[in-house]
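Peer 1: here is my input, please return the structure:
(one chain, ligands or ions: 1)
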Amino acid sequence: MSENLIFNGEKMERKKIALIGGGQIGGVLTQLIAQRELGDIVLYDIVEDLPQGKALDIAEAAGIDLFDVVVKGTNDYKDISDAHLVIITAGLPRKPGMSRDDLLSTNANIMKTVAENVKAYAPNSIVIVISNPLDAMVTLFQEVSGFPTHRVMGQSGVLDSSRFATFIAWELGVSVKNVNAMVLGGHGDTMVPLVRYANVNGIPVMELLERKYNSAEKAKEVMDAIVQRTKMAGGEIVKLLKTGSAFYSPAAAATAMAKSILYDEKRVLPTCAYLKGEYGVDGYYVGVPAVLGKNGVEKIIEISLNDEERKMFENSVNAVKSLVADMKRLGY
Ligand code: APR
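Peer 2: Below you'll find the model as predicted:
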């Protein structure tokens, strides 16, 4: 893995990416990362033969998709040694009627083991946690591993924001490529889609909606429905799938974060990041815009919130705090 390559006379090393959890998201992640040649991939799962089977299946598409990375499945943590980036999806997904918080104790046990092994075998890695309940799992990973906080983050906001942007694009009949929309706060029903900042190539979305309906009242009604759908989007998919939760879009979201880190793109992405006083929050992981580059979370971007937005953000932060408190009460 990550053998030395010679390119234009220079020695270069392909990055190594470890994916912990070879279920639905882990499988799609493997394929997306291979197709983009972000690095060599090790897919780990506790279920015997599952990651090996998925890795082989995906690797055998190399002759079609023409990627030159190694894809390996394993049940042995030793194989993740010295990974540059680790993405964690290990855990159980939501079943219909279950909240993300119901998963808390089951997934906390799993996350503890994962964190101990990542610490042992990939001590210098940058880590993206996807497992739910996200805000608690990312906190637990950081505490158990002791990694510096800028090297540990969670995926939630990239997906929530993509859902928000997609619904806006559908409503306005414009390309989603021109929609900028962001969701802050925790990865739960209290998340805060920022309506005031949502725009289409700089034009405020509310202005476009008011023009479309020729009514400020109707525009607000339509936007309220989009916001509500965004907040409940994960549950909408759980209800349809019946046997699990969303996996294509979470994998796409984490791939965008991984690429920004591995290519040092410094994209500004809504990230579940550790706050040290920013947004008036100290010592908690909360979804905020952050610059992602080769060092992980390189900068938290603070934006001004009006009274209403701040109230919603604080409500969301309180939900994160109570989730973390529940986890502590359970002894984690
Ligand atoms: N170590 C490694 N992998 C584990 C462990 C463990 N201790 N325990 C379970 N797993 C594996 C399972 O074997 C399974 O293959 O984690 C994988 C989870 O995959 P799925 O059940 O398909 O769940 P997925 O849809 O991929 O979601 C994973 O992300 O969005 C969240 O809520 C979601 O917490 C869930 C996680």
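Peer 1: just say helix, strand or coil for residue 243.
Peer 2: coil (DSSP: H, G, I helix; E, B strand; the rest coil).
Peer 1: got the phi/psi numbers for it?
Peer 2: Torsion angles at residue 243 (phi, psi; degrees, to the nearest 10) stand at phi -110, psi 10.
Peer 1: what about it, neighbour count?
Peer 2: Using other CB atoms under 10 Å, residue 243 is surrounded by 9 other residues. (C-beta placed from N, C-alpha, C; glycine too.)
Peer 1: same check, this time on residue 246
Peer 2: 22.
Peer 1: give me the nearest residue to it, chain neighbours excluded.
Peer 2: Excluding its sequence neighbours, the residue lying closest to residue 246 (CB to CB, 6 or more residues apart in numbering) is residue 237, at 4.4 Å.
Peer 1: wait, what's in contact with residue 166?
Peer 2: Each residue near residue 166 by CB atoms under 8 Å, 6 or more residues apart in numbering is listed here: residue 176.
Peer 1: name the SS class of it, please.
Peer 2: At residue 166 the chain is in helix, as set by three-state DSSP.
Peer 1: quickly note the distance from residue 319 to residue 234.
Peer 2: 15 Å (CB to CB, to the nearest Å).
Peer 1: more neighbours, the two?
Peer 2: Between residue 319 and residue 234, residue 234 has the larger neighbour count (other CB under 10 Å), namely 24 against 20.
Peer 1: that one belongs to a strand?
Peer 2: No - assigned with three-state DSSP, residue 234 falls outside any strand and is helix.
Peer 1: hang on, it packs against residue 247?
Peer 2: No - using CB atoms under 8 Å, residue 234 is not in contact with residue 247, being 11.1 Å away.
Peer 1: where do the helices sit along this protein?
Peer 2: Here the chain has its helices, by DSSP state H, at 24-35, 50-59, 62-65, 104-121, 134-145, 157-172, 205-213, 216-231, 233-241, 248-262, 307-329.
Peer 1: circling back to that earlier point, now the residue nearest to residue 246: how far from residue 119?
Peer 2: 33 Å.
Peer 1: quick one: average pLDDT of stretch 114-121?
Peer 2: The average pLDDT for stretch 114-121 rounds to 98.
Peer 1: can you pull the buried residues of it?
Peer 2: Residues of stretch 114-121 classed as buried by neighbour count (16 or more other CB atoms under 10 Å): 114-115, 117-119, 121.
Peer 1: how about stretch 206-216?
Peer 2: Neighbour counts over stretch 206-216 (16+ other CB under 10 Å) mark 206, 208-210 as buried.
Peer 1: burial measure for residue 143, as a count.
Peer 2: 16.
Peer 1: next: residue 106.
Peer 2: The burial count for residue 106: 11, using other CB under 10 Å.
Peer 1: next: the one 5 residues further on.
Peer 2: Residue 111 is surrounded by 25 other residues when neighbours are defined as other CB under 10 Å.
Peer 1: quick one: it from the ligand, how far?
Peer 2: 8 Å (CB to the nearest ligand atom, to the nearest Å).
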